[in-house]
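Chemist: how would this look folded up:
(chains A and B)
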Protein chains: 2
Amino acid sequence: MDTHPLLHLYSSAAQKAQPSTIRDLCALVARPEIRSLAGGWPDPEVFPGAELSAIFETLMRERRREMFQYGSTEGVLELRQLIAEQLMDTTNLFSPDNLLITQGSAQGMSLACQVFLDPGDIVLVGLPTYFGGSGAVAARGGECLGVPLDGQGLDTLALDKKVVALKSRGRKVKGVYTIPTFQNPAGVSLSLERRQHLLELAAEHDLVIFEDDPYRDLRYEGEDLPSLLALDHESRVIHLRSLSKIFSPGMRLGWAAGHPGAIRKMAVAKQFADVTSTTPSQYMLLEFIKQGLLRERIETNRDFYRQKRNFMLEQLEKNFPQEVSWNRPRGGFFIFVHLPETWDAADLLREAVDRKVAFVTGQPFFVDGGGQNTLRLSFSQAGREEIEAAVKALGALTRDRLAAGF
Amino acid sequence: MDTHPLLHLYSSAAQKAQPSTIRDLCALVARPEIRSLAGGWPDPEVFPGAELSAIFETLMRERRREMFQYGSTEGVLELRQLIAEQLMDTTNLFSPDNLLITQGSAQGMSLACQVFLDPGDIVLVGLPTYFGGSGAVAARGGECLGVPLDGQGLDTLALDKKVVALKSRGRKVKGVYTIPTFQNPAGVSLSLERRQHLLELAAEHDLVIFEDDPYRDLRYEGEDLPSLLALDHESRVIHLRSLSKIFSPGMRLGWAAGHPGAIRKMAVAKQFADVTSTTPSQYMLLEFIKQGLLRERIETNRDFYRQKRNFMLEQLEKNFPQEVSWNRPRGGFFIFVHLPETWDAADLLREAVDRKVAFVTGQPFFVDGGGQNTLRLSFSQAGREEIEAAVKALGALTRDRLAAGF
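Modeler: Below is the predicted model:
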C-alpha cells in the first residue's frame, strides 16, 4: 500500500497522519471467538428497531419528497428547533441559528478545528483523552499537548501553568479540547468548580473550548452538572453532541452548538466537507423526538447501561488483585484501569488475546506517549456472559503475572 | 453574526471562507411562487420510494443489529465489492481496497484534498467549473486557477502552457480538478483525445487528477467515454462518484476509487472527519444493487431526464432570440447559456426574479471572476410546466432588453 508512486505528492499532514490505533485494533479483535471489552460501541440490544420501522413507514407517506432529497447544510430546521427546545441544558441557545446538525460529534470537532485552527496552533487536552479529538486537531495541522487528569477531571491549575509556560516560549495556544462529562477513556467528570475555573482561564488566556459531550445523557448516579456551554458568558465554547449513544451510531447524527457566527462558519466548512447531513436520518430522528420516544429511550439506555456498569464493577471486585486499581464511573461507557507501575499493558494485551480476551491499552489516549501501565475496559457493547468471562480471564492473567514476579 | 467576540481566533482559512453563492441563492429562490431553473437537484419523481420501503423492511428483519451500528470507515465490504464489480468502467480496480465509501462525492473531494494538498498548492480547473470542487481546494488552503473550456472540454494545450508558466514562476502546481463527463455547469464532455492528452500532461508535469464524475451514468445520446481512471496507468487519478443523481442525494452516498495507498490515506482522514458513512444508507444501497434495482433505476432516470433535456432545448429554440446561444448537452443536468457579450447575467437575474423566474449566473463558476454574460439553466428538478413558463419568461425578458437597445 505504501508503494503508491505519488507518495511524494501527499500533503505533509497526510504523510504524518496515523490511523486510529484503536479503530484498527478493534477491527483486529472483532473475530467471533474473542471476548472483547475493547470497542466503545453501543449495544445493538437498545437500538430502537421497532419504533424506526413504524417511523420509516410514516415518513414514506408524509415526507417522501423531502426525505430522499438534499437538505440544507445547517440541517432540517424543525429538528434544530426541537433540539434547541428539548435537548440543551441552557436556554441561552434557543435559536436554530445556534445549532448545526453534524454527521456525529466527530464531524462537529472536525469542522470546529477548520474554523479555529491554523497549522501549528496548540490545543491542550487531558492525559488521557479520546484520540478522535486529538486526531481532528492533528488533521488540521494543529498540535495537542497534555495536562494531567485526576478524579475531578482535567487539572485546571496545571492547565494554567502549561499555558503560561507555552506562551512564554512564543507558542500559540488556541484552545482546550475536553470531554467534561464521563470522559473517554478515564470515565471521570470535571467538577463544577473546575468547570468555572476552566472558563476563567479561557477568558484570561483567550482560548476556545471544544466541549465534546457525547455521554452526558448517560448518567447512572449523581446530579447533572451544567455543560461548559451553559456556564459560558463569552461565546468561547463550541459544544459538540452526539446521538450515537442514545439513538443510533449508524445514523451518524450529532450537533454543534455555539455562537451563531462560529456556527455559520462551521456550516460554510460543511458545504465543502459533505454538503448536507444524511436526510433520512434527520427525518427519522425528528419523528422520534416528536413522538416523545427519545426521552423514553434515554431512560431505557440509562437503566440498561447502569446495570452493565454495575455488573462489570462487581466482576472487577471479584476477580482483580489489589495491585490493580480502577475507577467507578458515574456515567458513560468506560472504566479505566491502572496496572502496577512497571507493567506494560501492551504485553498484557498480547497475553490476553492468546486467552481470547481483548481490551484497549491506555497509551494511545496519552498524547505524551505515557500511560504504559493503563488500559480501558468498556462495558457498553459486550453481553453479560462476555463481560463475566473476559474479566475473569483478565483477573487470572494479572494474578499469574504477579505470581510470576512481574 | 459577524460580531462573534472570538473572530480574532478564527483560522485564516475560516476568515477567508466564502459560502457557496449558489447554495445561498438557491435557498433564496426556493419560494413557492418562483419558477426556478437554478438548483441542480434531482427530481423527487424518480426517487425509488416504493422499493426502499420494501428494502427497509427486509433489512429490519435481516440486518437489524448491523444497520444501526457504527461501520468500518472504509464502508460496508459487500457494498464495495459490488461497486467494484458492477459500477466501474475499469477492471483494474477489482478490489474493495481500491474503494472508499464517502458521504457523497463532495466528501471524496474534501478527503482527496486533505491527502494531496498543502496550503498554497495550486489546482487547475476549467473556466467555468463546479464551485464545490474549487471550494474544497480553498478549504484546504489551496488555490484554484482556471483554464478555458470549449466544446471538447478543458483546453489541454492551454493547460500545458499554464502549468509551464506557473512552474517557471516557482509556483507548486499539484493537480487538476475536472468533471470530464457532462460538466457542471457547462454540460460539455472532455473528448477521448483530450483525456489521453490530460493524462500525458499529468505524467509530464507530475500532477494528480481529481476526476469528479457524478453524471457519467446519465448519458442521453452518444457512446460512453472511458473515465480518466480507466485510462490511467500511473495511479494519478482519484476518481469520485456519487449516487445522488441515480439513487438519492439525501442518502449521501458516493465513493472514491484509486490506488490503495491513496485510498487508505483518505480513509485515515475520514476516521477524523466523520468516522464512518451512514450505515442504513449503505445497507439500503447494497440491497438495491443486489436486487438489480440500480441498473433499472439508471435506465429509468436516463429516459426521464433525456425527455426533460429535450423539452428544455425545444423551449429554448422556440423562445430565445438568436443573440443568445447555448449548448446541447449529451447528458447530465445543465445547459449553459451565453448572453450578448456586454450583458451582465446578474442584472438579468434581478429582472427575472421580478418576473418570478430564477436561474444561476455563470460567474460563481469562474474562478477568475469572468463569465459575467453567462448563466446556467438546469432541467433536472423543475417540472414540465415550470420549464415551459420559465423559459418563456426568460425569452421575453431577453427580447425586451434587446428591443430596449441593451
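Chemist: ok, then the element right after the longest helix seen in chain A?
Modeler: Determined from DSSP state H, the single longest helix within chain A is helix A:293-319. Proceeding N to C from helix A:293-319, the next assigned helix or strand is strand A:325-326, under DSSP states H and E.
Chemist: quick one: that following strand to chain centroid distance?
Modeler: 21 Å (Cα atoms, centre = their mean, to the nearest Å).
Chemist: Show me what it is packed against.
Modeler: On a contact count with 3 or more Cβ pairs under 8 Å, 6 or more residues apart in numbering or on different chains; DSSP states H and E, strand A:325-326 meets strand A:334-338. To be clear about C-beta, it is placed using only N, CA and C from the backbone, and glycine gets the same treatment.
Chemist: what packs against the strand it packs on?
Modeler: Using 3+ Cβ pairs under 8 Å, 6+ apart: strand A:334-338 touches helix A:293-319, strand A:325-326, strand A:374-378.
Chemist: So for residue A:164, which of these sits nearest?
Modeler: Taking Cβ to Cβ, strand A:374-378 is the member of the helices and strands packed on strand A:334-338 nearest to residue A:164, at 28.0 Å.
Chemist: now that closest one: mean pLDDT?
Modeler: The pLDDT scores in strand A:374-378 average 97.
Chemist: Are the longest helix of chain A and chain B in contact anywhere?
Modeler: No. Helix A:293-319 does not reach chain B (Cβ under 8 Å from any Cβ of the partner chain); its nearest approach is 12.2 Å.
Chemist: now that helix against strand A:334-338, angle please.
Modeler: Between helix A:293-319 and strand A:334-338, the angle comes out at 20 degrees (axes from the mean of the first three to the mean of the last three Cα atoms, to 10 degrees).
Chemist: What residues sit buried inside helix A:293-319?
Modeler: Buried residues in helix A:293-319, counted by 16 or more other Cβ atoms under 10 Å in any protein chain shown: A:293-294, A:297-298, A:301-302, A:304-306, A:308-309, A:312-313, A:315-316, A:319.
Chemist: related to what we said a few turns ago, quick one: which of the helices and strands packed on strand A:334-338 is nearest residue A:398?
Modeler: helix A:293-319 (8.8 Å).
Chemist: Packing partners of that closest one?
Modeler: helix A:279-290, strand A:334-338, helix A:384-403.
Chemist: Same list (those) but as TSV, adding mean pLDDT and mean neighbour count.
Modeler: TSV is the format used below for the helices and strands packed on helix A:293-319 (pLDDT from 0 to 100; neighbours: other Cβ atoms under 10 Å in any protein chain shown):
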stretch	mean pLDDT	mean neighbour count
helix A:279-290	98	23
strand A:334-338	98	22
helix A:384-403	96	18
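Chemist: After the lowest-mean-pLDDT helix or strand in chain A, which helix or strand is next?
Modeler: Every helix and strand in chain A was compared by mean pLDDT, DSSP states H and E; the lowest is helix A:21-28, with a mean of 70. Next helix or strand after helix A:21-28 toward the C-terminus (DSSP H and E): strand A:35-36.
Chemist: Report the strands that pair with that following strand, each with its relative direction.
Modeler: strand A:357-358 (parallel) (DSSP bridges).
Chemist: Check which element follows the strand it pairs with along the chain.
Modeler: Strand A:357-358 is succeeded, C-terminally, by strand A:360-361 (DSSP H and E).
Chemist: so how far is that following strand off the chain centroid?
Modeler: 16 Å.
Chemist: I'd say residue A:344 and residue A:372 touch.
Modeler: Yes. With contact defined as Cβ atoms under 8 Å, residue A:344 reaches residue A:372; the gap is 4.9 Å.
Chemist: Neighbour count: these two, which is higher?
Modeler: Between residue A:344 and residue A:372, residue A:372 has the larger neighbour count (other Cβ atoms under 10 Å in any protein chain shown), namely 18 against 14.
Chemist: Just to check, that one is in contact with residue A:347?
Modeler: No. Here residue A:372 lies out of contact with residue A:347, judged by Cβ under 8 Å, at a distance of 9.4 Å.
Chemist: So which other helices or strands are in contact with the strand of greatest length in chain A?
Modeler: If you go by DSSP state E, chain A has its longest strand at strand A:143-150. When contacts are defined as 3+ Cβ pairs under 8 Å, 6+ apart, strand A:143-150 sits against strand A:122-127, helix A:131-139, helix A:156-168.
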